[in-house]
Every structure is written in C-alpha cells, then in structure tokens.
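Undergrad: structure, please.
(2 chains)
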2 protein chains.
Amino acid sequence: MYDGIIQDLIDEFGRLPGIGPKSAQRIAFHILQTQNFDVTRLAELLNDVREKVRFCEVCGNITEQEQCAICRDPRRDETLICVVEEPKDVVAIERTRQFRGLYHVLGGAISPIDGIGPDDLSIPKLMQRLSSGEVKEVILATDPNLEGEATAAYLSRLLTAIEVPVSRLASGLPVGGDLEFADEVTLGRAFEGRRKVE
Amino acid sequence: MYDGIIQDLIDEFGRLPGIGPKSAQRIAFHILQTQNFDVTRLAELLNDVREKVRFCEVCGNITEQEQCAICRDPRRDETLICVVEEPKDVVAIERTRQFRGLYHVLGGAISPIDGIGPDDLSIPKLMQRLSSGEVKEVILATDPNLEGEATAAYLSRLLTAIEVPVSRLASGLPVGGDLEFADEVTLGRAFEGRRKVE
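TA: Predicted coordinates:
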C-alpha cells in the first residue's frame, strides 16, 4: 500500500507475534515521525541480542555468558531442580522469591499437534544433570495445560524410574480470585489438593 | 527483571505505541528463539527508513525522493487539493480510487490540549500552494473528531477569506453498518446531510 521501504518495515513488524497490520503501520509511522526515537539504538539492540544472548550450557536459561546468573550463584541450592518450559517461566518463579534451587529449561512442552516430541526438548541434559545423584527433588513446573501436563507426566515416569523424588506445582484457586468464576477443572483440582487446617 | 540487553530490548519495544510490557517480552523472546527471524533485516530497515524516508517538499506526504509519487504523477488533477492530517490518511483515500487530485498533509490537527496550534501544522505551505490561483477546490478531509473538526473550521475560514472554494467530506452512516448501532451524532449528521432521491 505504501512505497518502498516504509512498506517493508510495516511488513517486518507485522511478522512479530501479536502485531497485526494496523499496529505494524502505527509503529512504523511512530518511528518515522518521532524525532527523538532512537532507531540506531533499537537496531543495535536487535543485533546485540542475536549475537550475545545465548542459552545457559547447564540449565538452558538465557544468558550473556556461558552459564546463567542463577547457575553461577553459589548460594543457590544445587539439590533442588525446578523444571520449566521457557526462560520466561524462570523469571515468573524468581519473582515469587520462594525458590532457592536451580532451574532446568526444557525449551517447550510435548505437543504432538505441533510435532514436538520428548526428543525436541532438553530432556537428555536433565537426565545427565541428575546422574550425579546429588539432586534431592525435581519440581515439575510446566504449564497447567494439556501440553504441560503431558510433559510433566512423561518426565515423572522417567524420573521415578531412576528413583529421583518428583513433585508438581499445586493446582487450585488463584489467590485473589472469585470461587464462583473458577472453571470446573480448577475447582476440581482445588478439591483434590485440599489441605487440612490445623 | 531479565539480565542485561534482553531487558533493554524488551524496554525498547515497550516504548513503541500499542505494545505493553507483556507483548514486548513476547516479541523479544520470539526474536531470540526464532532461528529464521532475520534480525539484520529488521535492523537495516529501521536505519534505512530513518535515513531515506522523508516528507514530500510539496505536500508533506512520505516519500523516498524529493517529491512523493502522487505529486510527481502528471496525470493527477492539480486544481484539486485534498487536505489530510497524516500520510496514513493519503493511503486510506488512495485505496478508494475516487480522488484524482493532489494532497496536502498537515502533519496533525489543531489540539490545544496537546499544545498543537495552527503554527505547528503545515498551513503556511498550503496557503503558498493556493497563491497561484490555479486550485479550484480544497477538500477538507481531516478526521471527523473534535480536533479534526476544529482544524477544518479554522482552515475553511482562512480559505474562504482568500476566495478558494472549500468542501468537507460527508459525515453519515458507515456503509455496511447497522442504523440501530450508530451513535446519535453520526445519525444526526446523516439526517442533516440527507440527499434527495431522484
């Protein structure tokens, strides 16, 4: 619709997730019209991120060094490993300040529809980390959806076979939510997982 | 929340219009994780757009040359000028294939709240274009909102003073819409602007 490179830029933004053609157009014009918008900085950051950011050789989290900040931290408890799907999940759990162990990022979840099987995830590396025998608990923190549950079930079979204690994050009512608006699966899980009040 | 440059990239995307922190995070991870996402191309396009795209010296539309494709086109009717707020509006009108004249892009609309007065728009350039006396009609196609109407009212006073014929785009019911869902102002305008059926 536009001439030349401005249309190319709109198309390129439109390829990003969650950005439709209208948003892409708005962004392109914003960049064009905002005098103090630092195009060079965004361009450099894009290149920097591609060049410098990589995955931690131990846990698969993102990092700018060989190992991520969490794996490098000697104060973290090495006998606890929390298994998550994505680096984003590490950030979400770190925000709670409840977990002081290490992570293992699978890089996704088992999803036959998307053609992702166990071999596409970093499961061999997890097994290798567990082979030292020092790990006392593996916490499965994959998403509480179909793919996440399938991945957790698969992993718990593998791990109990090699006698590593496994746990799964609790499902239940979200804190601050309304019981009447909870879906039946969540409410069912909340009943299943009910705890005695002492 | 993240380490170093990945957070910088998230922040930078978060500065774009219509992108919140969650979307910015999703985009940054998409760029990081999609192997075939061409970061260099996006980075180059950003620089190219900043360097090469400028505003047409005649009408203010965007172009990669001194004059835009419309101003350079000898088949366009030079006696008709359609005044719009933004380059995006030119594209929208071109899409209708109804208008064969030239454009004049103001670069915004009068908006005292945002501190934009007539002096911040390319109104002097418009008056200069009209001074040749060749223009037979100026069509005011600013947005049908408060700022656009104010700008149209201001311009129509200026233009009638120098005896240039002025028109304003019709307001009324959108084609394909439902009468019952039209707001009262639009419906009022549709009544005001009703046309005799012959």
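
Undergrad: use CA for all of it now, contacts and neighbours both
TA: OK.

Undergrad: next, the contact list for the closest residue to chain B within chain A, please.
TA: Nearest to chain B in chain A, going by Cα to the nearest Cα, is residue A:43, at a distance of 4.2 Å. Neighbour list for residue A:43: B:42, B:43, B:44, B:46, B:47 [criterion: Cα atoms under 8 Å, 6 or more residues apart in numbering or on different chains].

Undergrad: same check on residue A:178?
TA: Applying Cα under 8 Å, 6+ apart to residue A:178 gives no contacts.

Undergrad: lowest-confidence helix or strand of chain A?
TA: None of the helices or strands of chain A scores lower by mean pLDDT, DSSP states H and E than helix A:184-192, at a mean of 81.

Undergrad: can I get it as PDB, trimmed to CA atoms?
TA: Once non-C-alpha atoms are left out, helix A:184-192 reads as follows in PDB (Å, rounded to 0.1, in the frame of the first residue of the first chain):
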ATOM      1  CA  GLU A 184     -14.700 -26.600  36.900                       C
ATOM      2  CA  VAL A 185     -11.300 -28.200  36.300                       C
ATOM      3  CA  THR A 186      -9.500 -25.700  38.500                       C
ATOM      4  CA  LEU A 187     -12.200 -26.100  41.200                       C
ATOM      5  CA  GLY A 188     -12.000 -29.900  40.900                       C
ATOM      6  CA  ARG A 189      -8.200 -29.600  41.400                       C
ATOM      7  CA  ALA A 190      -8.700 -27.400  44.400                       C
ATOM      8  CA  PHE A 191     -10.800 -30.000  46.000                       C
ATOM      9  CA  GLU A 192      -8.400 -32.800  45.200                       C
END
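
Undergrad: in it, what counts as buried?
TA: Within helix A:184-192, the residues that count as buried by 16 or more other Cα atoms under 10 Å in any protein chain shown are A:186, A:187, A:190.

Undergrad: one more: stretch A:81-95?
TA: A:81, A:82, A:83, A:84, A:85, A:86, A:87, A:88, A:89, A:90.

Undergrad: do that stretch and chain B meet at all?
TA: Yes. Contact of stretch A:81-95 with chain B (Cα under 8 Å from any Cα of the partner chain) involves residue A:91.

Undergrad: quick check: mean pLDDT of that stretch?
TA: The average pLDDT within stretch A:81-95 is 91.

Undergrad: show me what whichever strand or helix holds residue A:88 is packed against.
TA: Taking DSSP states H and E as the definition, one finds residue A:88 inside helix A:87-96. With contacts taken as 3 or more Cα pairs under 8 Å, 6 or more residues apart in numbering or on different chains; DSSP states H and E, helix A:87-96 sits against strand A:101-105.

Undergrad: try it again at 6 Å.
TA: The contact analysis (3 or more Cα pairs under 6 Å, 6 or more residues apart in numbering or on different chains; DSSP states H and E) places helix A:87-96 against no helix or strand.

Undergrad: what's the angle from that helix to strand A:101-105?
TA: Interaxial angle of helix A:87-96 relative to strand A:101-105 (axes from the mean of the first three to the mean of the last three Cα atoms, to 10 degrees): 160 degrees.
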